[in-house]
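return atomic coordinates for the entry below.
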Amino acid sequence: MILADAPSGERTIFASSPAGGRSNGMPFTVLPGPSGAFVLSNLRAGPATSNSAGLTIPITVDFTDSSGSATTGSLRMNFNLNNCNVDGFTSVNPTGVTAGQSSGTMQINFFLPQFRAPAGVTLPLSFWLTTSQGVESNIITGAFLSQ
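Predicted coordinates:
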């Protein structure tokens, strides 16, 4: 994973095998983020609730988006739950915002059909959002408690 505030520049990456082997180094370049980027911060998630239909995770996140497109229509949410046990994408409609708003706090009611989490378990969650205009946010990571 590359953090949103990672400095740009050249890197060398390696792949590891479960047996302990390591590949040759491969060059990799971290590019600077675009100006006026869609930035998520201060993730607050949960507590999540499970029922026979699936898992619901209430999410609150602060954002800045100079384009204002993050608050217009639905967003595509690419997610990774429980360190890749569940990943994919879905459409979400943020609440608590007005169309064209360029910063503030949004709420997302994230629903995973046919997924259950045992009560009292803390699970990791990471995601990023993409607007209808194709503006992508940074990846934000946190955890939530299931009830």
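
switch to C-alpha atoms for all contacts and neighbour counts from now on
Noted.

how about the residue most central in space within the chain: what's its closest non-neighbour residue?
By C-alpha atoms, centre = their mean, the chain has its centre lying nearest to F127, at 1.3 Å. Spatial nearest neighbour of F127, chain neighbours left out: F79 (4.2 Å); criterion: C-alpha to C-alpha, 6 or more residues apart in numbering.

try I57
In this structure, I57 finds its nearest non-sequential neighbour in A48, 4.4 Å apart by C-alpha to C-alpha, 6+ apart.

beta partners of that neighbour?
Judged by DSSP bridges, the bridge partners of A48 are S146.

hang on, the residue nearest to the centre of the chain packs against I139?
Yes - if you go by C-alpha atoms under 8 Å, F127 and I139 touch, sitting 5.4 Å apart.

distance from the chain centre to the helix or strand hosting S50, please.
Using DSSP states H and E, S50 sits in strand 49-51. With C-alpha atoms, centre = their mean, to the nearest Å as the basis, strand 49-51 stands 21 Å off its chain's centre.

repeat for stretch 95-111
For stretch 95-111, the separation from the chain centroid amounts to 14 Å (computed by C-alpha atoms, centre = their mean).

cool, and stretch 121-141?
2 Å.

mind listing what's buried in that stretch?
By 16 or more other C-alpha atoms under 10 Å, the buried positions in stretch 121-141 come out as 122-123, 125-131, 135-141.

which ones among the residues you listed map onto strands?
Among those, the ones falling in strands (DSSP state E) are 122-123, 125-130, 140-141.
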